[in-house]
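S.K.: When you get a sec, could you give me coordinates for this:
(2 chains, ligands or ions: 2)
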Amino acid sequence: MKKQNRTRSLLGTVTYVAGIVLALVGSLTWLFKETGSLPFAVGLVAVAIGLFLNHSYKTKVLSLRGIRYFFLSVGALIMVFPFYWMLVSAFKTSAEMNLFPPSMLPKNWRNFNNFVVAFQTAPFARYFLNSVATCLSSVGITTFTTVLAAFAFSRLKFPGRDVLFSLLLSMMMVPFEMLVITNYTTIVKVGLNDTIWALILPFTSSIFYTYILRNFFVSIPEGLYWSARVDGCTNWRYLWKIMVPIARPSLVTIVLLNAMASWNSFMWPLLVIKKDINRTLPFGLYTFTTEVGANNELLMAASLVVVMPMIILFLFARKQIVSGVSRGGIKG
Amino acid sequence: MRVEMKNLSKHFGRVKAVNDFSVILNDGELVCLLGPSGCGKSTVLNMLSGILPVTGGKIYFDDEDVTDLPPEQRGIGLVFQNYALYPHMTVLGNICFPLEIQGLPKAERIQRATEMAELVHMEGMLHRKPKELSGGQQQRVAIARALVKRPNLLLLDEPLSNLDARLRLEMREEIRRIQLQTKVTTIFVTHDQEEAMSISDHIVLMKDGFLQQHDDPQALYNEPANQFVADFLGNPPINNIKGAIHSGFFVAQNGDKVRLPETDGAPEGVKVHLAIRAESFMMADEGDESCLHCTVENVYQLGKEEMALLNFGDTQVRAYLSFDYGLKAGDEVTLQVRDRGVFLFDLETGRRYA
Ligand SMILES: Nc1ncnc2c1ncn2[C@@H]1O[C@H](COP(=O)(O)OP(=O)(O)OP(=O)(O)O)[C@@H](O)[C@H]1O
Ligand SMILES: [Mg+2]
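M.R.: Ligands and ions are numbered 1, 2, ... in the order given. Modelled structure (predicted):
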């Protein structure tokens, strides 16, 4: 009796594991080729049979986890696939691009020709420089003004503070597209259109980030402020020595979000920039698209150059972002 | 440092948090600011530290008028209820911070901070972050940080109320030890009468923003200035019996009389509370006309003596009585009051007659 039970559960486990493997392989081939639906279906049935044969608690937990991971993996694959495709295409020759069915990997990973051609066709180095310059200065200035404003709205007491703050908040309701019009006329009147300043100056403060940071600052106990003040600490020093270090996770998140928005901004440069040498990467990529037409491998190489810095930034600050998002305040 | 508050008042719009508050603290004293929640203790403290501007009155440190001095020029150490340690700095960093602001060289900073950490018994944890410390340890660090710049006045706003009962007991003795060792004039805010009674040289008792009494702990207990002080101090709470004054006797509503040693100032016929401490009862002598007739409701054993919960008319009375009487629920007893621990207060104003 006992022995029979054990063989049965062993058989169940084996069927179950085999079923999962089969289903995964099946679904993967199904994604890329037209066949594969059969192994997928057989795999699912095998999983079900395995579960039926071995219904111990451990298998149940394992199988639940397995199902969860299965769906998560499929989701992750779908999300990553465009990036993967961009990466491999950037290293393919145009002949490889036209293969059918498409090849999953380039023949030669050291084929940098696409990058060379892209950089020769359009001044990508210049675009890159423009992007870096606008991104760094607008993010830098925005962060600075955000910190100062958040401090003023959270700790300083001045008449009309709360009215002013609600006024600012209500400005967040105004859509960006409407601000574009007034910003554009202002920039033109000041005579800064078609310069890199037109890309920086309108983006040197942010109500949204101020709001986020202010809320964080408010959550820092007031006792800290008064302890420091009684010890002779000035507001300025308190802000940079105490508040900013405490708010670092929030600040990093703000900087990253801001950097991405700035790096990816497209509509505004399109409006104010005419000269080729003043373009930023997304804008440059856009014009490049129309110039090279159907040469997708060149496009992919250029796109890779555009997104790479953000990906690297993200990889470095991944932990900070996650903790910044999941941790709203600090304990009192 | 001697601290004088003269007719201090603070109004928040229509809320009068502190009114006409005058107190003098002597150099090197530990004074407890005691009172129920919302009576204005923190407000007084914040005016002393300069966090809140005063509405009226003056503050003197020694003979210097500091009323309008900004916080950083008052030479004060401050400890809050939630300790307010800088969460991103280590214990050492926290204790060093006041000295860093003063611009002291690093070696001296660290040396003085380490000394301070030794004083509060935290020398083994200099490199921990606040969140790696227990409540009592955080408290010690906060005290060390407040003391490291050698303030003339140490202000503690309910420093123990976040701690559990045992740690509170330990920490209040610890605070007293540190205070005696450094001889710094200290104001300690609390709403716990026992805490105040046990560690302070003097107690300042407040209610609704008004000073009630400023005296040493024993005097506060033995000679309360008014009904509020008598009610606030003591555990079990003082027993109040309603009645009136007739020809040198207190006459309760049921006709029972209590002879009073002195009734000076209490006019004939005035309605009063006879306030009697639980330990001021004794069994009445046979045939004494000055006695209170009570029924025993319950008896509690409290180690060396018994506490009886009695009914006098519809008033509940708590009294410490000896084991010898063998009291049990339902017994009828006649009680008498001793000379000490018995007070007479005006029923309406709470003013003390005797
Ligand atoms: N900023 C303020 N604005 C308006 N009213 C205030 C303000 N601060 C304190 N009060 C009021 O002043 C009174 C005294 O407050 P305070 O904080 O001094 O009380 P407390 O004795 O410290 O009480 P607790 O023991 O609860 O800390 C309270 O009635 C409170 O509501
Ligand atoms: Mg308070």
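
S.K.: For the residue lying closest to B:M282 once chain neighbours are set aside, report the pLDDT, please.
M.R.: Leaving out its chain neighbours, the residue that sits closest to B:M282 by C-beta to C-beta, 6 or more residues apart in numbering or on different chains is B:Q336, at 5.5 Å. All C-beta atoms are positioned from the backbone trio N, CA, C, and that covers glycine. According to the predicted model, the pLDDT of B:Q336 comes to 87.

S.K.: Pull the number of nearby residues for B:Q336.
M.R.: The local packing count at B:Q336 equals 16, with neighbours defined by other C-beta atoms under 10 Å in any protein chain shown.

S.K.: any idea how far ligand 1 is from it?
M.R.: As defined by C-beta to the nearest ligand atom, to the nearest Å, B:Q336 lies at a distance of 39 Å from ligand 1.

S.K.: unless I'm mixing things up, that residue is touching B:D288, no?
M.R.: Yes. Judged on C-beta atoms under 8 Å, B:Q336 makes contact with B:D288 at a distance of 6.4 Å.

S.K.: ok but B:R340 is inside a strand, no?
M.R.: No. Secondary structure assignment (DSSP: H, G, I helix; E, B strand; the rest coil) places B:R340 in coil, not in a strand.

S.K.: That one and A:R6: what is the separation?
M.R.: Distance check for B:R340 against A:R6: by C-beta to C-beta, to the nearest Å, it reads 85 Å.

S.K.: Please report the residue range of the longest helix in the chain.
M.R.: Assuming you mean chain A. Among the elements of type helix in chain A, defined by DSSP state H, the one spanning the most residues is helix A:57-90.

S.K.: oops, chain B please
M.R.: Of all the elements of type helix in chain B, the one with the most residues (DSSP H) is helix B:165-182.

S.K.: Count residues in the vicinity of the closest residue to chain B within chain A, would you?
M.R.: Of chain A, the residue with the smallest distance to chain B, taken as C-beta to the nearest C-beta, is A:G223 at 3.2 Å. Using other C-beta under 10 Å, A:G223 has 19 neighbouring residues.

S.K.: ok, it to B:R2 distance?
M.R.: Taken as C-beta to C-beta, the spacing of A:G223 relative to B:R2 amounts to 27 Å.

S.K.: And the residue in the stretch 251-354 of chain B positioned nearest to chain A, its phi and psi?
M.R.: Closest approach of the stretch 251-354 of chain B to chain A (C-beta to the nearest C-beta) occurs at B:G350, with a separation of 35.6 Å. Taking degrees, to the nearest 10, you get phi 80, psi 0 for the backbone angles of B:G350.

S.K.: wouldn't it be in contact with B:Q227 here?
M.R.: Yes. Here B:G350 reaches B:Q227: they are 3.4 Å apart, a contact under C-beta under 8 Å.

S.K.: who has more neighbours, those two?
M.R.: Under the criterion of other C-beta under 10 Å, the comparison of B:G350 against B:Q227 puts B:Q227 first, with 24 against 16.

S.K.: For ligand 1, see how far away the more buried one is.
M.R.: Plainly put, B:Q227 is 20 Å away from ligand 1 if you go by C-beta to the nearest ligand atom.

S.K.: tell me the secondary structure for the residue lying farthest from the centre of chain B?
M.R.: Seen from the C-alpha centroid of chain B, the residue lying at the greatest distance (C-alpha atoms, centre = their mean) is B:G287, 41.6 Å away. B:G287 carries the three-state label coil when classified by three-state DSSP.

S.K.: From A:L148, how far off is it?
M.R.: Distance, B:G287 to A:L148, by C-beta to C-beta: 85 Å.

S.K.: quick one, phi psi at the spatially closest residue to B:D157 that is not a sequence neighbour?
M.R.: Spatial nearest neighbour of B:D157, excluding adjacent residues (C-beta to C-beta, 6+ apart): B:V189 at 4.8 Å. According to degrees, to the nearest 10, the main-chain angles of B:V189 amount to phi -90, psi 130.

S.K.: Wait, B:V189 touches B:L156, no?
M.R.: Yes. B:V189 is in contact with B:L156 according to C-beta under 8 Å; the separation is 6.5 Å.

S.K.: about what we covered before: quick check: the residue farthest from the centre of chain B vs ligand 1, distance?
M.R.: Counting by C-beta to the nearest ligand atom, the gap from B:G287 to ligand 1 is 50 Å.
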